[in-house]
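1. No letters, just coordinates:
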């Protein structure tokens with residue numbers, strides 16, 4: 001099964017996470033996301049990232065990942081960060097259409113886009129890594145601080161609590177609140193609007209905006225990855241992750 005579906009509406013790419021009801025981020029989903037991005041990178045004027053009606057994504061596929069050894073987790077984590085970085089640095093306008101919950105890794109994927117449109121429902125967003133004993137991934141922290149105010153970003157990563165789509169809109173984590181049946185339509189309208197602007201100028205402006213994040217991420221990626229892995233394989237953290245895996 002393809003865990004990421006790619007289709008086009010004229011020259012707008014639509015990437016849809018398609019890994020069951022929860023869209024858990026598995027090694028296969030990361031592979032499929034990377035392949036879809038490689039295919040559409042030079043073939044689209046804009047991109048929409050979306051998921052399912054219940055979950056945009058529940059985050060890392062803990063039941064699949066927990067049995068893996070350190071080398072395998074390191075490989076997964078590296079490829080996830082690379083896919084997120086590829087989305088974040090895509091030179092065309094991108095909008096994330098969030099119809100369901102965007103949990104942990106789901107919020108990270110949403111942060112890679114230029115805009116986030118969410119359905120006004122009981123959907124939750126947030127980075128709860130601290131509650132599982134691991135740090136919020138370095139790239140996620142950097143992207144978050146680009147999107148929301150510093151104090152709001154601190155609260156999100158320190159407390160690890162989820163917020164509703166409406167509350168996410170209040171702090172700028174979500175740019176527009178839509179009805180569930182219009183969120184993807186509004187995302188498409190926004191991408192089309194931005195794609196009508198001069199493409200070269202847009203690409204240069206976007207590059208200037210993302211460059212500080214990319215530079216900081218690359219400078220510290222190896223050390224931050226090692227720290228994340230050290231936490232992941234701590235016995236107490238393994239217990240917390242195992243408990244969270246039972247909810248999948």
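-> Right, received. Where do you want to start? Only a predicted model underlies this, so the values are computations on that prediction, with no experimental measurement involved.

2. for residue 225, what are its contacts?
-> By Cβ atoms under 8 Å, 6 or more residues apart in numbering, the residues touching residue 225 are 74, 77, 78, 81, 138. (C-beta placed from N, C-alpha, C; glycine too.)

3. Mind checking the pLDDT average for the longest helix anywhere in the chain?
-> If you go by DSSP state H, the chain has its longest helix at helix 199-232. Helix 199-232 carries an average pLDDT of 98.

4. Pull out the buried positions in that helix.
-> In terms of neighbour count (16 or more other Cβ atoms under 10 Å), helix 199-232 has its buried residues at 202, 206, 210, 213, 217, 221, 224, 225, 228, 229, 232.

5. I'd say the second one and residue 91 touch.
-> Yes - under the criterion of Cβ atoms under 8 Å, residue 206 makes contact with residue 91 at 6.3 Å.

6. rewinding a little: could you tell me which of the contacts of residue 225 belong to helices?
-> 74, 77, 78, 81, 138.

7. all strands of the protein, in order?
-> Counting by DSSP state E, the chain has strands at residues 4-9, 12-17, 46-50, 55-57, 94-98, 101-103, 115-119, 124-126, 163-164, 176-178.

8. So which elements touch the third one?
-> In this case it means strand 46-50. Here strand 46-50 touches strand 12-17, strand 94-98, helix 183-195, going by 3 or more Cβ pairs under 8 Å, 6 or more residues apart in numbering; DSSP states H and E.

9. pretty sure residue 119 is in contact with residue 179, am I right?
-> Yes - counting by Cβ under 8 Å, residue 119 does reach residue 179; the two are 6.8 Å apart.

10. Which one's more surrounded, the two?
-> The neighbour comparison of residue 119 against residue 179 (other Cβ atoms under 10 Å) goes to residue 119, with 23 against 11.

11. Name the nearest residue to the residue positioned nearest the centre of the chain, ignoring sequence neighbours.
-> The chain has residue 109 as the residue nearest its centroid, 0.8 Å off, counting by Cα atoms, centre = their mean. Leaving out its chain neighbours, the residue that sits closest to residue 109 by Cβ to Cβ, 6 or more residues apart in numbering is residue 57, at 6.2 Å.

12. and the one you found, how many neighbours?
-> By other Cβ under 10 Å, the residues close to residue 57 number 28.

13. if I look at it, how far off is residue 111?
-> Per Cβ to Cβ, to the nearest Å, residue 57 is found 12 Å from residue 111.

14. got it, and residue 139?
-> Separation of residue 139 from residue 111 (Cβ to Cβ): 9 Å.

15. what touches both of these two?
-> Shared contacts of residue 139 and residue 111 (Cβ under 8 Å, 6+ apart): residue 88.

16. circling back: put the buried members of the ones in helices among the contacts of residue 225 into a PyMOL selection.
-> Only the buried members of the ones in helices among the contacts of residue 225 enter the following PyMOL selection, criterion being 16+ other Cβ under 10 Å:
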select buried, resi 74+77+81+138
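
17. Widest-spaced pair of the ones in helices among the contacts of residue 225?
-> Within these, two members stand farthest from each other by Cβ to Cβ: 74 and 138, at 14.4 Å.

18. How about residue 186, nearest residue that isn't a chain neighbour?
-> Excluding the flanking residues, the one nearest residue 186 by Cβ to Cβ, 6+ apart is residue 178, at 4.9 Å.

19. Let me know the pLDDT of that neighbour.
-> Reported pLDDT for residue 178: 95.

20. Could you list which residues are in contact with it?
-> Shown in contact with residue 178 (Cβ under 8 Å, 6+ apart): 117, 118, 119, 120, 186.

21. Could you do residue 32 as well?
-> Residue 32 makes contact with 2, 3, 4, according to Cβ under 8 Å, 6+ apart.

22. any chance of those in CSV, plus distance to residue 102?
-> Output for the contacts of residue 32, formatted as CSV (distance: Cβ to Cβ, whole Å):
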residue, distance to residue 102
2, 21
3, 17
4, 16
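
23. I am finished for the moment; much appreciated.
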